[in-house]
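> Following is a predicted model, sequence given first.
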Amino acid sequence: MYNPSAAGSAANTVSGSRVFVYEVVGLRQNDETDKMSYPIRRSGSVFITVPYNRMNEEMRRITRMGGQIVSIRPSGQEQTNGQAISDKAGDVKATSEPAPEPAKLEEKTKPMTQAKAHENVPVNTYRPNNPWTGKCISNEELVGEGGIGTCRHLMFDLEGSELRYLEGQSIGIIPPGTDKNGKPHKLRLYSIASTRHGDRVDDKTVSLCVRKLEYKHPETGELVEGVCSSYLCKLNPGDEVKITGPTGKEMLLPNDPNINVIMMATGTGIAPFRAYLWRMFKDNERAANPDYRFNGLAWLIFGVATSPNILYKPELEEMQERYPDNFRLTYAISREQKNAQGGKMYIQDRVAENSAELWKLIQQENTHTYICGLKGMEDGIDQALTEAASKDGVAWNEYQRTLKKAGRWHVETY
C-alpha cells in the first residue's frame, strides 16, 4: 500500500496535516545565511517541530546550519522530562540537560531514513570566459567489434587546476574554431564518468564517455557530424582541451552508504553510473574512501543496441561477480533480445518485466532512482510503474511527485 509518510506529500492530504519532531545534533548558527533569533544549543540535541509539508525545507535548513537529524517521530510523543520542547514549527526551547534516548516507535511510524546531504558542492570553478586548458591523457574506443558507431572513453589531466567535482556532475568542453556565423563555438556539457578522485585515484584527472554524433540531413541526405563529439573522439594524447565547470546537482550520489540506488541508462547515459559504481566497488576507490562502504543494493538497467555496444562491459560484469549481494546488472539489448510481445527489447520493457520488484524497492525511503540517457525512455518507464503502483491503489504520477520533492527521483535525459 502507499506509504503517505514519504517526504514531500501535498499539504492538503490527511498526511499533510501531521506534525513531526526532529531530534537534531550539532546545530550551529550561521549569521550569514540563517539570521534567526531563537537560542541554539552548543552540544547535545535540540527538538524541532515541523509540519509534514515543510519537512524537506526544514531538512535543508538544518543541513545548512551544520546539524544532523538523528531521529524523526510523529508529534504527540512529547518529551516532558525537562528536555527541549517546540511550541510551534521552527521554534525551539533549549535546556542544558542531556537529551533522552529517542522513543521507540511502532513499525508503522519508524523514523524516516534520510540520505546525508552534500556540503560545499563545487560549481563553475571555471567559466566559459576563463576555461581551464587541460590535456588529453588517453582516448580509448568502448564499442566492440561489430558494434554500431563509435564511443570513446577520454581522460583529461587536471594537474595544476582548481577543478574538483563530485560523482553525478558534468563538465563543459569548448571545441576550437567558429560556427557558421563566425562566432566561437559554445560549450557542450558532458556527464563525468569518473569518481571525484579520477580514474587514477590521484585527484588529477577527469574522464568522459563520448559518443560521436552522426546522422543524415533530413533534406539533403548529407552525413552530418557533431562538432564537439567529433572533436573529442579524434583527440590524441597531449592535445589541449578547454574545460569549464563543474556543473549540476541533480544527479549527485548521496553520501549515505546504506541507500539503495536504481540506475536506468541508455548508451552514454552510463557515464554518471560508472562513477557511482567505481565509488561503491572498485578496490582503489574503496582504499581512498575508508569511511565509505556501500552496504545497499545498486541495480543498473542498461539499454543498448547490440552486445558490442555495452559500454564498460568488463568493468560492470567484474563488479557484479565480486559483489553479487550489492550489485545487480540487467541489460536491454534492443537488436538481439525480444520483449514479452515479441518486439525489440528496450529499457522500458525490462522495467515492465521487473516492475513489481522495482515498485517495492522504490517505496523504501532509503532508495534513490536515477534515469540518464535518451528522453524517449521516460514514458515507458512511467507506464510500467503506473501499472505496478495501481495494483496497490496508488497513483504513480502523484507518488512520483513526492519522490521528486524528497530528492529521491533524479532525471537527466536529452
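Yep, it's here.

> rest of the way, CA atoms for contacts and neighbours
Fine.

> Report pLDDT for E162.
If you check E162, the pLDDT there is 96.

> What's the separation between it and N289?
Going from E162 to N289 by CA to CA, to the nearest Å gives 21 Å.

> One more: L316?
Counting by CA to CA, the gap from L316 to N289 is 20 Å.

> Show me which of these two is the more surrounded one.
Using other CA atoms under 10 Å, the more surrounded residue of L316 and N289 is L316, with 18 against 13.

> Now do the strand or helix carrying the more buried one: which elements does it pack against?
Assigned by DSSP states H and E, L316 belongs to helix 313-322. Contacts defined by 3 or more CA pairs under 8 Å, 6 or more residues apart in numbering; DSSP states H and E place helix 313-322 against strand 327-333.

> The following helix or strand past the strand it packs on - contacts with which helices or strands?
The C-terminal neighbour of strand 327-333 among helices and strands, as given by DSSP H and E, is helix 347-353. For helix 347-353, the packing partners by 3+ CA pairs under 8 Å, 6+ apart come out as strand 260-266, strand 298-304, strand 327-333, helix 377-390.

> Could you give the separation of the third one from the chain centroid?
Think strand 327-333. Remark: strand 327-333 is offset 18 Å from the chain centroid, using CA atoms, centre = their mean, to the nearest Å.

> Quick one: end-to-end distance for stretch 151-167.
Taking CA to CA, the first and last residues of stretch 151-167 lie 21 Å apart.

> tell me the mean pLDDT over stretch 373-382?
pLDDT averaged over stretch 373-382 gives 93.

> distance between the ends of it?
Terminal-residue distance, stretch 373-382 (CA to CA): 15 Å.

> before we move on, what about stretch 401-414?
End to end - CA to CA - stretch 401-414 spans 20 Å.

> before we move on, the earlier item: could you dump the helices and strands packed on helix 347-353 to JSON lines with distance to T125?
Shown next, in JSON lines, are the helices and strands packed on helix 347-353 (distance: least, CA to CA, whole Å):
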{"stretch": "strand 260-266", "distance to T125": "28"}
{"stretch": "strand 298-304", "distance to T125": "31"}
{"stretch": "strand 327-333", "distance to T125": "34"}
{"stretch": "helix 377-390", "distance to T125": "32"}
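
> Dump these into JSON lines; add mean neighbour count and distance to E250 as well.
Output for the helices and strands packed on helix 347-353, formatted as JSON lines (neighbours: other CA atoms under 10 Å; distance: least, CA to CA, whole Å):
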{"stretch": "strand 260-266", "mean neighbour count": "24", "distance to E250": "14"}
{"stretch": "strand 298-304", "mean neighbour count": "23", "distance to E250": "18"}
{"stretch": "strand 327-333", "mean neighbour count": "20", "distance to E250": "23"}
{"stretch": "helix 377-390", "mean neighbour count": "18", "distance to E250": "16"}
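
> Could you work out which of the ones you listed reaches nearest to A406?
strand 260-266 (14.7 Å; CA to CA).

> Kindly calculate the angle that the helix or strand hosting Q400 makes with helix 377-390.
In this structure, Q400 is located in helix 396-405 according to DSSP H and E. For helix 396-405 against helix 377-390, the angle by axes from the mean of the first three to the mean of the last three CA atoms, to 10 degrees is 110 degrees.

> Buried residues, helix 396-405. List them.
W396, Y399, Q400, R401, T402, L403, K404, K405 (16 or more other CA atoms under 10 Å).

> Identify the residue spatially nearest to G407, adjacent ones excluded.
In this structure, G407 finds its nearest non-sequential neighbour in H368, 8.0 Å apart by CA to CA, 6 or more residues apart in numbering.

> show me where pLDDT drops low in the stretch 101-250 of the chain?
101-119 (pLDDT under 70).
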